[in-house]
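[1] Give me a 3D structure for the following:
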Amino acid sequence: MFFDLLLAPITGPLAGITWLGSQIQERVNAEWDDKENLSKRLLTLQLAFDMGEVSEEDFEAQEEELLLAIQALEDEAKAAQTED
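    Numbers count the residues shown, from 1 in each chain. Okay, the predicted model is just below:
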């Protein structure tokens, strides 16, 4: 306990950097998972359209929605990079 107080000026900033790194990693993982899931949904939609399970109108509407969601994630990631 005494050593914790004594070393706090040294270990405090390191703990803060470690915490910040873990927060960044969690955010990157979440964004990657979101983008990957959207890409998988887009592929599934394309396959369903190719097999005739989805009409062309439904396909185009859903495709546009998924592409916009992917673009929004990419724009958000770029904005976060420019802030850092």
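
[2] How far does the worst-scoring helix or strand of the chain on mean pLDDT sit from its chain's centre?
    Of all the helices and strands that make up the chain, the one with the lowest confidence by mean pLDDT, DSSP states H and E is helix 2-50; it has a mean of 80. Average the C-alpha atoms of helix 2-50, do the same for its chain, and the two points are 8 Å apart (CA atoms, centre = their mean, to the nearest Å).

[3] Does Glu53 belong to a helix, a strand or coil?
    Under DSSP: H, G, I helix; E, B strand; the rest coil, the three-state class of Glu53 is coil.

[4] confidence score at it?
    As summarised for this prediction, Glu53 has a pLDDT of 94.

[5] again, but for the one 3 residues further on
    At Glu56, the predicted lDDT confidence score is 95.

[6] and it, how many neighbours?
    Number of residues near Glu56 (other CB atoms under 10 Å) recorded here: 8. In this view, the C-beta of every residue, glycine as well, is placed from N, C-alpha and C.

[7] do Leu66 as well
    Here the count is done by other CB under 10 Å, and Leu66 has 19 residues near it.

[8] Is it in contact with Lys40, as I believe?
    No: using CB atoms under 8 Å, Leu66 makes no contact with Lys40, being 10.0 Å away.
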